[in-house]
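Colleague: structure for the following, please:
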Amino acid sequence: MEQSKINVKLMSMAGQGGSVFGMALPVLAQSREDIRVLSADMSTPAGLDKFKAAYPERFINVGIAEQNLIGCAAGLASEGLRPICVAQSCFLSMRSFEQIRQYAGYMKFPIIIAGIASGLSLQFFGNTHFAVEDIALMRMVPGMTVVCPCDSLEAVKAFESALEHDGPVYIRMFGGTGVPSVYAQDYDFSLGRAIVLRDGKDVQIIAAGSVVKTALDAAAILEQEGVQASVVNMHTIKPLDSSAIALDKKLLVTVEEHRRFGGLGGAVSEYLSGMSHHPELLRLGFGDDNIKVGGYGYMMQESGLSADGVAHSILNKLKRMI
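Modeller: Numbers count the residues shown, from 1 in each chain. Sure thing, here's the model as predicted:
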């Protein structure tokens with residue numbers, strides 16, 4: 001996709017799936033004849049209708065059969081094609097985990113696994129449809145790169161990078177249309193290299209995916225309370241860019257729309273566990289219980305993952321450290 005034609009506002013309106021599959025993919029397919037897209041009956045929700053209409057011979061709908069989806073993708077990859085698997089994050093990561101482990105991990109096939117509607121995106125469908133363990137599962141697959149783009153533009157850039165990457169990639173996409181923008185214009189993106197969005201001397205907030213914007217808003221609230229917080233967009237959870245973790249802060253904070261263990265917070269704590277001295281780490285995310293179902297904003301608020309909630313948790317932690 002030519003950078004000069006990137007329209008950030010339009011991408012934001014289309015959402016992550018619409019930006020990647022509705023806007024970027026048809027353009028990329030013009031020069032990539034090896035691209036094959038497989039969907040678990042999710043073409044319309046994912047924004048794949050435009051690609052399907054333009055390249056019907058390159059699109060396969062396997063039906064609601066995520067395990068078969070990965071198996072078919074492995075067969076295509078073994079023939080030198082570039083398969084892109086699209087399904088809801090919860091089922092793609094959990095129902096087909098064994099197939100992903102064997103074909104993407106063990107066989108090292110360069111399959112792009114694009115999970116849509118991650119986190120709490122499916123709202124009233126409830127806990128059966130929430131993807132809040134998917135990062136933990138995908139991190140365990142040998143050789144798997146795990147990416148959580150923070151807005152629609154970053155989703156496109158992550159997808160473009162995944163196409164060039166020699167190995168399996170899990171891209172975690174969230175929400176529907178109207179995804180808030182973190183980036184107002186084009187920027188340099190590399191898998192495995194975090195991006196500092198804001199500087200601050202007291203606290204470092206490390207966030208990924210949907211809550212990067214929340215982290216920026218929380219940092220603004222903290223500034224009003226006299227606390228300077230830096231914000232890091234850790235878009236790639238695996239491999240983790242440990243060089244971006246600031247060890248000179250009073251407090252490190254991870255924020256994620258995922259369980260507090262196994263995801264971003266788990267990856268950062270694993271890195272810190274090898275050190276004799278490091279700042280305290282506060283992990284913000286979902287706990288070890290089911291989530292009370294409601295609207296998206298309500299659930300995030302109740303889980304302490306609103307901007308106010310994140311700022312409040314950080315201020316309380318700092319007070320207890322005095």
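Colleague: could I have the top helix by length along the chain exported to CSV, CA atoms only?
Modeller: Ranked by residue count and defined by DSSP state H, the top helix of the chain is helix 307-321. Output of helix 307-321 as CSV, limited to C-alpha atoms (Å, rounded to 0.1, in the frame of the first residue of the first chain):
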residue,chain,number,x,y,z
ALA,A,307,-8.5,6.3,31.6
ASP,A,308,-9.7,7.3,35.0
GLY,A,309,-9.4,3.8,36.4
VAL,A,310,-5.8,3.4,35.1
ALA,A,311,-4.8,6.8,36.6
HIS,A,312,-6.5,5.9,39.9
SER,A,313,-4.7,2.6,40.2
ILE,A,314,-1.4,4.2,39.5
LEU,A,315,-1.9,7.0,42.0
ASN,A,316,-3.0,4.5,44.7
LYS,A,317,0.1,2.4,44.0
LEU,A,318,2.4,5.4,44.3
LYS,A,319,0.8,6.4,47.6
ARG,A,320,1.4,2.9,49.0
MET,A,321,5.1,3.1,47.9
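Colleague: run through who's touching that helix.
Modeller: 202-203, 205, 211, 214-215, 217-218, 220-222, 225, 227, 229, 250-251, 253, 255, 280, 282, 284, 300-301, 303-304 (C-beta atoms under 8 Å, 6 or more residues apart in numbering). For every residue, glycine as well, the C-beta is placed using N, CA and C.
Colleague: pLDDT on that helix, on average?
Modeller: Mean pLDDT, computed over helix 307-321, is 97.
Colleague: if I read this right, Gly266 contacts Met140, doesn't it?
Modeller: No: using C-beta atoms under 8 Å, Gly266 is not in contact with Met140, being 10.7 Å away.
Colleague: looking at these two, which one has more neighbours?
Modeller: Gly266 (21 against 15; other C-beta atoms under 10 Å).
Colleague: how about the strands in this protein?
Modeller: 35-39, 59-61, 82-88, 112-116, 145-147, 169-172, 195-198, 203-207, 229-233, 236-238, 251-259, 280-286 (DSSP state E).
Colleague: and those as CSV, adding mean pLDDT?
Modeller: Formatted as CSV, the strands of the chain follow (pLDDT from 0 to 100):
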stretch, mean pLDDT
strand 35-39, 97
strand 59-61, 96
strand 82-88, 97
strand 112-116, 97
strand 145-147, 98
strand 169-172, 98
strand 195-198, 98
strand 203-207, 98
strand 229-233, 98
strand 236-238, 98
strand 251-259, 98
strand 280-286, 98
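Colleague: mind putting the ones you listed in TSV, distance to Ala73 and mean neighbour count included?
Modeller: Shown next, in TSV, are these (distance: least, C-beta to C-beta, whole Å; neighbours: other C-beta atoms under 10 Å):
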stretch	distance to Ala73	mean neighbour count
strand 35-39	6	23
strand 59-61	9	18
strand 82-88	4	26
strand 112-116	8	27
strand 145-147	16	27
strand 169-172	12	28
strand 195-198	30	17
strand 203-207	30	28
strand 229-233	29	25
strand 236-238	20	24
strand 251-259	24	26
strand 280-286	29	21
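Colleague: apart from its chain neighbours, what residue comes closest to Ile60?
Modeller: Leaving out its chain neighbours, the residue that sits closest to Ile60 by C-beta to C-beta, 6 or more residues apart in numbering is Leu38, at 4.7 Å.
Colleague: repeat for Pro180
Modeller: Pro180's closest residue in space is Lys213 (C-beta to C-beta, 6+ apart), at 4.9 Å.
Colleague: Val232 too?
Modeller: Nearest residue to Val232, sequence neighbours excluded (C-beta to C-beta, 6+ apart): Ile206, at 4.8 Å.
Colleague: how near is the one you found to Leu197?
Modeller: Taking C-beta to C-beta, to the nearest Å as the measure, Ile206 and Leu197 are separated by 11 Å.
Colleague: alright, I will stop here.
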